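Peer 1: Sequence first, predicted model second:
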Amino acid sequence: MGHTNLNFDRYPQKPHGGKLVNQVVPADKVRGEIERARTLPSIRVDLEAVITIEMIATGVLSPITGFMKENDYKSVLSNGRLADGTVWPVPLSFAPIGNRNQEIIKQLKVGDQVALTDYDNEPVAILDIEDLFDYDKGERSQKLFGTTDRNHPGVDSVYRRMGDVSLGGTLHLLKRVDWGPFEKLRQEPKDTWHMFYEERKYRSVAGFITGANPMHRGHEYIHRNALEQVDGLFLQPLVEMAKREYVRHEYRVLAYRNVLETYYPKERAMLSPLRVTYIFAGPREAVLHALIMKNYGCTHALIGRDHAGIGSFYDKYASHSIFDEFTPDELGIDIRLFHEVFYCTRCNCHATTETCPHDERYRLVISGTGIREMLRHGITPPKEVVRPESILAGMQGIQPKGVDASGESIQPVAKIINGMYPYYKKYTRLGGIERSVPLTDDQLCVRDLEVATLDARSHANEIYTEIYEEYNRVLDHNRSIQPSWIQEARRALRNQQERIISDLEEKVDQALDTASDEFLYQDKAEAQRELEAAKSLLQDIPKELTRERMQERAWNPLPYKRYRGADEE
């Protein structure tokens, strides 16, 4: 769909850099440009590069119009900005690998054009060669990722997928990639600007980009907070190039659709997959995502804890602190940062450390890794962690499914329990007392995961409910809404205990100071201790709260009609 009636001067947002890039060859010229491309030198590109080309050409990465020239590339690596000072966190470079591609590159010079072709050797874009420069993999890795460790997926990708010479220049997109099952949900920036500000007349939209996990209640907490303050919510699950042990992207999108259709206001929450290549750049990638949301027309960017995080390579809140390096004006989008979300069984709601005073004894932590590992074990996480509608898709889309021959999944059981149920090793149950001897990681097994999950399923809501009911029993003046059996049980408890005390008092009176046989009889001191313990127990038994007793709490100093405003006659 094409929308040319976009008037950015009237909208509450502007594309990054002030202009929405459009490097898509017009429909009436495509056939001729494809034929011309067949006469040009060609470089074969993989699907990941094709996706990046499409993002650039359709304005997702505005103001970028092609692959970076050396001055922009080096400026971005060193400063997180283009050479002209515009905020841009990650380099977009093109350094093809492959012997055939290398031979073509040797023949190219500034001013040439080259066709970029897919696996069928069909032209997908034309690149204007405006720069050629040497590409240093070590420099890119260290400056972009902060490490040259090949265990970092971004570093590994650089060394596997990048050549030694980078080509810079403007792109011209000839044809789009077919998105398969996502095609019906595809939205390009020109579409979303039109939808937000022409069709729905929004004044604010919050964007949310998410990756490897099915939608969980931590996501939902962030979304609902945003919807209290903005007109619309734009959700974009990433649908490409995830690590193989994640949930397949087709199923992640289905999980989102299931939850949105059931729990979200339909006119205010919109879903569109974001087909993007993972850069694995940690906090820098969080900034990139914020700018992508801006280019889709969002006025607000929702950033959770460890957004775009890569294992232990970055601090969990590095994706928050990096935004301190830029002013709000130069970012041009309102960044909303959210702390780690968990479910507090004492608060009986989802919360963060900023809003909840209770400790881990009451918490169910919402861990994306933990959710995935539970799915591998074939265990549905508690409903407070993830909606069942999401699990329906997630359980089918997890890879690998099941466990290995020794009963292990990708992560050890101890890591799952520590991540999801932080109370378990120290406390007997949710909200329970401390264990006499805490459990250690090497003691934990799948059975512990099962026990902790069953505990959470059964008792996550019970703690607050029982506290609430206890308050009700004491405070309800109207005893008709209190269960009669509770009062009957209290009355019976007291009557039975008072009878025990009466008998013990007789026993004390009759007891001798010294028992004739300490195994058969009690002396007076021991009988007295029993009596005192029985009286102490009686004090702990709640009193029966009868209708007559509760009437003592309902009194007024004035006739009731005076409270309705009637004056004395």
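Peer 2: Thanks, I have it. Numbering: from 1, shown residues only.

Peer 1: CA atoms for contacts and neighbours, from now on please.
Peer 2: OK.

Peer 1: Can you give me the neighbour number for Arg361?
Peer 2: Per other Cα atoms under 10 Å, the neighbour tally for Arg361 reads 22.

Peer 1: what's the distance between it and Thr352?
Peer 2: Between Arg361 and Thr352 the distance is 15 Å, computed by Cα to Cα, to the nearest Å.

Peer 1: and the biggest strand by length in the chain, how far from the chain's centre?
Peer 2: Ranked by residue count, the top strand of the chain under DSSP state E comes out as strand 165-173. Strand 165-173 has its C-alpha centroid displaced from the chain centroid by 35 Å (Cα atoms, centre = their mean, to the nearest Å).

Peer 1: list the buried ones in the helix or strand just after that strand?
Peer 2: Downstream of strand 165-173, the next assigned helix or strand under DSSP states H and E is helix 189-194. Under the neighbour-count criterion of 16 or more other Cα atoms under 10 Å, helix 189-194 has Pro189, Lys190, Asp191, Thr192, Trp193, His194 buried.

Peer 1: What of stretch 415-432?
Peer 2: Taking 16+ other Cα under 10 Å as the neighbour-count basis, stretch 415-432 is seen to contain the buried residues 415-431.

Peer 1: Equivalent analysis for stretch 59-68, please.
Peer 2: For stretch 59-68, the buried set under the neighbour-count rule, 16+ other Cα under 10 Å, comprises Gly59, Val60, Leu61, Ser62, Pro63, Ile64, Thr65, Gly66, Phe67, Met68.

Peer 1: residue contacts, the last one?
Peer 2: In this case it means Met68. Residues counted as contacts of Met68 (Cα atoms under 8 Å, 6 or more residues apart in numbering) are Pro91, Leu92, Ser93, Phe94, Leu167, Gly168, Gly169.

Peer 1: Please apply the same query to the fifth one.
Peer 2: Shown here is Pro63, whose contacts under the criterion Cα under 8 Å, 6+ apart are Pro15, His16, Gly17, Gly18, Lys19, Leu20, Val21.

Peer 1: that older thread, possible to save the buried residues of stretch 59-68 as a markdown table with pLDDT and secondary structure?
Peer 2: A markdown table is the format used below for these (pLDDT from 0 to 100; DSSP: H, G, I helix; E, B strand; the rest coil):
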| residue | pLDDT | secondary structure |
| --- | --- | --- |
| Gly59 | 97 | coil |
| Val60 | 96 | coil |
| Leu61 | 97 | coil |
| Ser62 | 97 | coil |
| Pro63 | 98 | coil |
| Ile64 | 97 | coil |
| Thr65 | 97 | coil |
| Gly66 | 97 | strand |
| Phe67 | 97 | strand |
| Met68 | 97 | coil |
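
Peer 1: and the longest helix for the chain?
Peer 2: Longest helix in the chain, counting residues (DSSP state H): helix 484-510.

Peer 1: Give the other helices and strands that it contacts.
Peer 2: helix 524-540 (3 or more Cα pairs under 8 Å, 6 or more residues apart in numbering; DSSP states H and E).

Peer 1: next structured bit after the helix it packs on?
Peer 2: Under the assignment DSSP H and E, the closest C-terminal helix or strand after helix 524-540 is helix 547-551.

Peer 1: Work out for me the element Glu466 sits within.
Peer 2: Taking DSSP H and E as the criterion, the element that holds Glu466 is helix 462-475.

Peer 1: hmm, who's touching that helix?
Peer 2: If you take Cα under 8 Å, 6+ apart as the criterion, helix 462-475 is touched by Thr345, Arg346, Cys347, Asn348, Gly431, Gln482, Leu545.

Peer 1: That concludes my questions; thank you for your assistance.
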